[in-house]
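In: Structure for this input, please:
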Amino acid sequence: MTELLWDGKYKDGKKTSPIRIALPFQTIETLNESATDRQKRLNSLFQQKDDTTWYNRLIWGDKKYVLPSLLPEFAGKVDLIYIDPPFNVGADFSFTTTLPPAPDDGDEQTTFTKEPSIIEQKAYRDTWGRGLDSYLQWFYETVVLLRELLADTGSIYVHLDWHVGHYAKCVLDEVFGYENFRNEIYWYYYNKMPDTRKGVFPRATDTIYWYVKNKSSNYCFNPLTEKRDTPVKQLVRKKVDGKAINARDEEGNVMYQIRDERVVDNVWRLSMLQPADRTENLFYQTQKPEALLDRIIKASSNEGDLVLDCFCGSGTTAAVAEKLGRRWIACDLGRFAIHTTRKRLLSIPNVKPFVVQNLGKYERQAWVQAEFERPESRLEQERAYRKFILELYHATELAGYTWIHGVKSGRAVHVGGVEAPVAVEDVRQMVIEFLKLVGKERALTINGIDVLGWEFAFELNEIAREYAERNGVDVKFKKIPREVLEKKAVEQGDIKFYELAALEVETAVKAMTLVLNLKNFTIPPDDVPPEVQRGITHWSQWIDYWSVDWNYRGDTFHNEWQSYRTKKNPKIELSASHEYEAAGKYTVLVKVIDILGNDTTKALQVVIG
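Out: Next comes the predicted model:
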């Protein structure tokens, strides 16, 4: 068999394999689950029973970790896979987002470009860092894992264009088998504005390769029809003795029929999204029209089948699968892609319950084990980890203390662990030790604490800060970015620690009703373009979306109410209310997602009745 070779495909005579570390998923949000179903699930957890209820999944993470983590549960169970991987060597991971109007400024919006996060830049380097060689290795490892996820009767559609399509076809033939290739589909976006200045015929097509896992299986294929531009007159044909002949009426006249439909072939004449489209266009860089995914999902799956897209972008695959009654799993590396998809799904009437997941602490634990392997003791491993984070933060290690780990620019530094959020009690211990440090280390001028953490307890920002201020200690909470896990990002010095946003919420209880009013929201300016900062005249412009869990019970955040901006309706509500059925003490969680896709969560304790 002819084989396509590239640098890195083989190592020591064997094909280089994808990462196969299977990590548990961590559910960070549940959406549209009824109170009854929530209680059933909680009961199954308390009784240590497996909950078999299906929830569609929206997963934030790198597919090189996400795909092997899906294998234990979904190997051989996915009915349809659609992927639209980056196929342009000049691919741009930036996205256009909107600076919404202030409350009294009408509906006028301003767009600006958000540069890609370090993790997205790193993904780009991994994909194209060595040019076509690294792209092909990355693509090969991806489709190997996807084939293992695919059911024996399943199909995969791979969406590419002229840049790499011909190379990718060779890889797909190798992984899936040439005999399992079904079609080369051409998406002809006829409404693209032609540009003849480039010295070539204007390009108006993408290529979609359709493979099945096993052509001998009873794989799903539902022939499709489409409306003709103009009805046509056709002969009526019938079979006689196995031969097709012209049908005739009782008088012997040849029969005709008017046909306003035609069978869909492998050239799909479907319009691309237009800037004037206010109903579907989310102005996401790689967004595809729903009509395209509608055709793929209808052709190669049935109601109830499982559809996977591990480059979900704006969420077109998940949205169409939801509307067509399919189950779905959608994944993406970009935080903003996950947020865009979540809003898009919530806009679908009667959307089925779904969860937002990541690999969270499990990915961090695996990273610590791999990077800081210390056979001597776990304490040595933890110290090596803290030292590494301190170096990235450009802080000096300080030995002899339990809660204070370093010093930087006149401030003490604490490094949070990978397994649990920084809690209020942790901050209390830091403050106690800080005061001892100030009295003991006379040579040091220290005026506050920088708390570095992967995650923070919901109530931390306000309660812990108030406690610290009562003791005369200035505390700042800074997030350890996920980019720390990526060796190349670390080597290139691409690590920035950002201070947490601050959210102020006012509560009012009237009998059995709780009213929430957002009063203020501030985010650190480090990650915000100057022109955007200048355009902010009211704090609410930072907020793109907020939601409430009216009765948080320590399981996961349940989105029971939300308000968010859309292109059509850029306004956002700043108050929400809920009527409780029973009196008592409740924990209410408020989650805000800003215009850059970052989330902030605040816990409130209320007494009802």
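In: Can you list the low-confidence ranges for the stretch 301-450 of the chain?
Out: 374-376, 441-443 (pLDDT under 70).
In: mind giving me the domain ranges of this structure?
Out: Residue ranges of the domains in the chain are recorded as 45-89+131-221+265-358, 227-262, 372-498, 501-608, according to automatic domain parsing.
In: Can you list the residue ranges for strands in the stretch 151-300 of the chain?
Out: Counting by DSSP state E, counting those that start in this stretch, the stretch 151-300 of the chain has strands at residues 181-188, 205-212, 225-235, 237-240, 243-246, 256-263, 267-269.
In: TSV for these, including mean neighbour count?
Out: Every C-beta, even on glycine, is put in place using the N, C-alpha and C of the backbone. Below are the strands of the stretch 151-300 of the chain laid out as TSV (neighbours: other Cβ atoms under 10 Å):
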stretch	mean neighbour count
strand 181-188	16
strand 205-212	21
strand 225-235	10
strand 237-240	10
strand 243-246	10
strand 256-263	11
strand 267-269	14
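In: Of those strands, which is nearest Ile81?
Out: Within the strands of the stretch 151-300 of the chain, the stretch nearest Ile81 is strand 205-212; the backing value is 9.5 Å (Cβ to Cβ).
In: Can you list the strands that that closest one pairs with?
Out: Next to strand 205-212 in the sheet, as set by DSSP bridges, lie strand 150-160 (antiparallel), strand 181-188 (antiparallel).
In: Alpha carbons of that strand, as CSV, please.
Out: Coordinates of each C-alpha in strand 205-212 appear next as CSV, following Å, rounded to 0.1, in the frame of the first residue of the first chain:
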residue,chain,number,x,y,z
THR,A,205,-15.8,25.3,-2.3
ASP,A,206,-14.7,23.3,0.8
THR,A,207,-14.2,19.6,0.7
ILE,A,208,-15.8,17.1,3.1
TYR,A,209,-14.6,13.5,3.2
TRP,A,210,-17.1,10.9,4.4
TYR,A,211,-15.8,7.6,5.7
VAL,A,212,-17.6,4.7,7.5
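In: Relative to Glu486, how far out is the residue lying farthest from the centre of the chain?
Out: Ranking residues of the chain by C-alpha distance from their mean position (Cα atoms, centre = their mean) puts Glu251 at the top, at 65.6 Å. Shown here: Glu251 relative to Glu486, a distance of 79 Å by Cβ to Cβ, to the nearest Å.
In: and if you look at Gln39?
Out: Gln39 sits 40 Å away from Glu486, taking Cβ to Cβ as the criterion.
In: where does the residue nearest to Asn471 when sequence neighbours are not counted fall, phi/psi-wise?
Out: The shortest distance from Asn471 to any residue that is not its chain neighbour, by Cβ to Cβ, 6 or more residues apart in numbering, is 5.3 Å, and that residue is Val431. Its backbone dihedrals place Val431 at phi -60, psi -40, with angles given as degrees, to the nearest 10.
In: Compute the number of surrounding residues for Val431.
Out: The local packing count at Val431 equals 21, with neighbours defined by other Cβ atoms under 10 Å.
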